[in-house]
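*Asks:* no FASTA, just this:
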């Protein structure tokens, strides 16, 4: 698996975005806004107010 730079374009191209680690360096509001669906395994999106319908927590 190769890493890619995080950009709005890459997020929008992805079918699903997986959050496997909670890092304070990431803007989760921006990530959710630019993603089709976000699977959050770490509750990293707990503070995200908008687009809650895109977030799946497991």
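*Replies:* Happy to help now that I have it. No experiment lies behind these values; they were computed from the predicted model shown.
*Asks:* pLDDT score for residue 2?
*Replies:* pLDDT recorded at residue 2 is 84.
*Asks:* tell me where the protein has helices.
*Replies:* For the chain, the helices defined by DSSP state H cover 8-13, 28-33.
*Asks:* make JSON lines out of those and add mean pLDDT.
*Replies:* Output for the helices of the chain, formatted as JSON lines (pLDDT from 0 to 100):
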{"stretch": "helix 8-13", "mean pLDDT": "97"}
{"stretch": "helix 28-33", "mean pLDDT": "98"}
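*Asks:* could those be laid out in TSV, adding mean neighbour count and distance to residue 53?
*Replies:* No exception for glycine: its C-beta is placed from N, CA and C like everyone else's. Listed next are the helices of the chain as TSV, based on neighbours: other CB atoms under 10 Å; distance: least, CB to CB, whole Å:
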stretch	mean neighbour count	distance to residue 53
helix 8-13	12	16
helix 28-33	18	10
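*Asks:* Throw these into JSON lines and include distance to residue 41, thanks.
*Replies:* Below are the helices of the chain laid out as JSON lines (distance: least, CB to CB, whole Å):
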{"stretch": "helix 8-13", "distance to residue 41": "17"}
{"stretch": "helix 28-33", "distance to residue 41": "13"}
